[in-house]
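In: Could you work out the structure for the sequence below:
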Amino acid sequence: MRDYRKEYDDYHGKKDQKKNRASRNGARRRMRKILGKEAIKGKDIDHKDGNPKNNSRSNLRVLSKSANRSKK
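Out: Now for the predicted structure:
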């Protein structure tokens with residue numbers, strides 16, 4: 001059985017991971033403001049360079065969930 005508490009303590013709760021998550025959420029808000037709510041509904045915002053802290057417009061793109069999550 002998956003231990004979510006341990007997973008949070010060991011990984012998701014770390015300071016760097018919290019900053020990365022906040023930055024990814026910021027990228028989503030930014031793209032929603034630029035493209036509109038319907039344009040990103042059900043899709044993921046991809047960081048082209050893989051760096052979640054780089055939220056420049058040229059680094060962000062909208063991808064389907066399956067396309068974004070299949071990237072390595």
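In: contacts and neighbour counts: CA atoms only from here.
Out: OK.
In: Show me where this protein has its strands.
Out: For the chain, the strands defined by DSSP state E cover 43-47, 60-64.
In: Give the pairing partners of the first one; include direction for each.
Out: What that stands for is strand 43-47. According to DSSP bridges, the neighbouring strands of strand 43-47, each with its direction, are strand 60-64 (antiparallel).
In: Just the buried residues of the strand it pairs with, please?
Out: Counting neighbours by 16 or more other Cα atoms under 10 Å, one finds that the buried residues in strand 60-64 are 60-62.
In: Just the closest of those to residue 13, please.
Out: Out of the buried residues of strand 60-64, the one with the shortest distance to residue 13 is residue 60. That distance is 25.3 Å, counting by Cα to Cα.
In: Once you drop chain neighbours, what's closest to the closest one?
Out: Excluding the flanking residues, the one nearest residue 60 by Cα to Cα, 6 or more residues apart in numbering is residue 47, at 4.9 Å.
In: who touches the one you found in this structure?
Out: 54-55, 59-61 (Cα atoms under 8 Å, 6 or more residues apart in numbering).
In: same thing with residue 55?
Out: 23, 26-27, 47.
In: which residues are contacting the lengthiest helix in the chain?
Out: Counting by DSSP state H, the longest helix found in the chain is helix 15-35. When contacts are defined by Cα under 8 Å, 6+ apart, helix 15-35 is touched by residues 11-12, 39-40, 45, 52-53, 55, 60.
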